[in-house]
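A.B. asks: coords below, sequence missing:
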């Protein structure tokens, strides 16, 4: 167990110890407030094989994209690649044609400009897809918000509102749809019980394939 490092222990009023491997291959432990360290170590020792396997799988996945925001660099939108093209048209905003056209005037904060564009486009697309699936399912969120989350693609709050990370808009539409359906079902089934997954499968029979794509490629979306 000496090679297994705990990145962080998060204590709360929960009753059990949970082990979470993050997209960066770090081990997070969620534990009851009074759980002794010895108990946590026992759980890690018992699950050491699983921990090593999951960390190995994550490290074997594609590396995270590091953008330098130069001409010709690829940016993804709904699963399609768009080369960055810096234009001298100061009056135009960021546009997506066969390329991602960004005015030179956006510099020196070109990163912030592209991020804001992604947020705006994600808001339009997520709202549209949520409305579509709401009509299909009868599950209606009280609100749809776009967030800067890096650890969760989507979430559902206690008021029935749905939150989605803007980074998700880089993924293919079928992956976006999977996350939306996942969160919509949470409006009726808040846990991840067999009943929850049965409802997801009824709406999206190939959800496992889509979920696996997201697990395998999530580092590519973390700009």
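C.D. replies: Great, that's in hand. Model, not experiment: these values are computed from the prediction.

A.B. asks: switch to C-alpha atoms for all contacts and neighbour counts from now on
C.D. replies: Noted.

A.B. asks: In terms of pLDDT, where does the most centrally placed residue in the chain sit?
C.D. replies: Computing the C-alpha centroid of the chain and ranking residues by CA atoms, centre = their mean puts residue 153 first, at 2.6 Å. At residue 153 the predicted local distance difference test score is 93.

A.B. asks: Hmm, residue 178 and it touching each other?
C.D. replies: No: using CA atoms under 8 Å, residue 153 is not in contact with residue 178, being 10.6 Å away.

A.B. asks: picking that back up, and the residue nearest to the centre of the chain, how far is that from residue 61?
C.D. replies: 18 Å (CA to CA, to the nearest Å).

A.B. asks: quick one: contacts of the lowest-mean-pLDDT helix or strand in the chain?
C.D. replies: Ranked by mean pLDDT, DSSP states H and E, the weakest helix or strand in the chain is helix 48-59, scoring a mean of 87. Identification of contacts with helix 48-59 by CA atoms under 8 Å, 6 or more residues apart in numbering yields 1, 4, 21, 23-26, 44, 216.

A.B. asks: swap in stretch 122-137?
C.D. replies: 139-141, 144-146, 164, 166, 168-169, 177, 180-181, 184, 203.

A.B. asks: 7 Å instead, please
C.D. replies: By CA atoms under 7 Å, 6 or more residues apart in numbering, the surrounding residues in contact with stretch 122-137 are 140, 144, 146, 166, 169, 180.

A.B. asks: Excluding chain neighbours, give the residue nearest to the residue nearest to the centre of the chain in space.
C.D. replies: With sequence-adjacent residues excluded and distances taken as CA to CA, 6 or more residues apart in numbering, residue 153 is closest to residue 165, at 5.1 Å.

A.B. asks: Might one say that residue 149 is in contact with residue 165?
C.D. replies: Yes: using CA atoms under 7 Å, residue 149 and residue 165 qualify as a contacting pair, with a distance of 5.2 Å.

A.B. asks: Right, I'll leave it there.
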